[in-house]
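Q: Here is my input; please provide its structure:
(one chain, ligands or ions: 1)
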Amino acid sequence: MIMKEKEISLKAIGLEALLRRLPEHHPRYVDIENELRKTRAGENGEKILANVFQHYQFPFKHYIFHDLNLQSTGKFQIDTLFLFQQGAVILEVKNIAGRIGFPEEYNQLTRTLENGQIDAFECPSVQLERNKMLLEDWFHTHHMPIPIYQAAVFPRPHQQFENLRKDLTLLFPLEIPVFLRRLNSFHPSIDLPGLEAIANKITDAHREFDPFPLSDRFGIQPSELISGVRCVQCGWFGMESIQSGWGCPQCRNIDPHAHIETLLDYFMLMNYRISNKTARQFFRLSDEQKMKRILRRVGIPFEGERRGRVYAANLDWVRNLHDSNRTKVTK
Ligand SMILES: [Zn+2]
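A: Coordinates of the predicted model:
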């Protein structure tokens, strides 16, 4: 049973927005491009992992959590947690292209690309051990000491490896069901009501990771970002307010919903809180009444009255606004 589905990553969507609004000559531009590439690769790997569980039926009671964030003696994130009567299994995905090697003297993995370039990464065993320790602490706090197993998943089935570590279980996606069924032949350490209780506790304890606002995270001043309503057709910042929505002075595109993306950008990059005045600055809009109508129509909760009114979004709001905007664009 899938207790927590894999959701689309707002972090990657936010990083894309940040790159669009950051001048290309900005000193952090390349760092953010790299962060976006890493985030997308991680996401793709996690999707492949989630797909395995979508398409495989286990003939025994189990619970699956994707993108799980818990806190015990520290905060930790698990790509996929599989819970069954034999214990808990931590699965971490490493979506790294190239030939993978494990140097003996360092706790690293290296990858060699076809052009000969070699890069080093943290060995997945480091992250797995850390997560195992923190999950042990979590179970201990909840008086549920259960066995914890762990494996690193490499989602590319034709990947080559050298010098595999004996202490690291490494799986391709299609090997996961076999691995889990083999563990299932061990003696159960939890009864079925106990298992359900743990699954419910985990569900209640999960807190979605909030990456926003990104300008803060990357030490970028809000004033360094490009303001204005963006035209999705030509990419121009500075759509003008017209009767039927927004008009692009560059390509003549008319878009009744362009303000949604601009608002989303503001929440993801700048701040969850926005006043009519700060919104007008970001939208490059002088009409206070139109701004008020936009903020009201989107339905963001507000505090205060008149000029002191502040609209306050949060991560759920950003997700809902993003989803509703996507259905509008594809319509
Ligand atoms: Zn345009």
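Q: any idea how far the ion is from Cys248?
A: 3 Å (Cβ to the ion, to the nearest Å). Any C-beta I mention is one placed from the backbone N, CA and C, and that applies to glycine too.
Q: so how many other residues sit close to the closest residue to that residue other than its chain neighbours?
A: Distance criterion Cβ to Cβ, 6 or more residues apart in numbering; nearest residue to Cys248, sequence neighbours excluded, is Cys231 at 3.9 Å. The local packing of Cys231 (other Cβ atoms under 10 Å) involves 22 other residues.
Q: doesn't Asp255 make contact with Cys231?
A: Yes. Counting by Cβ atoms under 8 Å, Cys231 touches Asp255, with 7.0 Å between them.
Q: Please identify every residue contacting each of these two.
A: The overlap between the contact sets of Cys231 and Asp255 (Cβ atoms under 8 Å, 6 or more residues apart in numbering) consists of 239, 246, 248.
Q: Over to the residue in the stretch 1-150 of the chain positioned nearest to the ion: give its phi and psi.
A: Residue nearest to the ion within the stretch 1-150 of the chain: Arg20 (13.6 Å; Cβ to the ion). Phi and psi for Arg20, reported as degrees, to the nearest 10, are phi -70, psi -30.
Q: give me phi/psi at the residue nearest to it when sequence neighbours are not counted?
A: Once flanking residues are discounted, Arg20 sits nearest to Arg230: 6.9 Å by Cβ to Cβ, 6+ apart. Taking degrees, to the nearest 10, you get phi -90, psi 140 for the backbone angles of Arg230.
Q: wait, isn't Arg230 in contact with Trp236?
A: Yes. If you go by Cβ under 8 Å, Arg230 and Trp236 touch, sitting 7.1 Å apart.
Q: okay, the two: which has more neighbours?
A: Set side by side, Arg230 and Trp236 show more neighbours around Arg230, with 22 against 16, by other Cβ under 10 Å.
Q: What count of nearby residues applies to Arg307?
A: 9.
Q: show me what contacts it?
A: 276-277.
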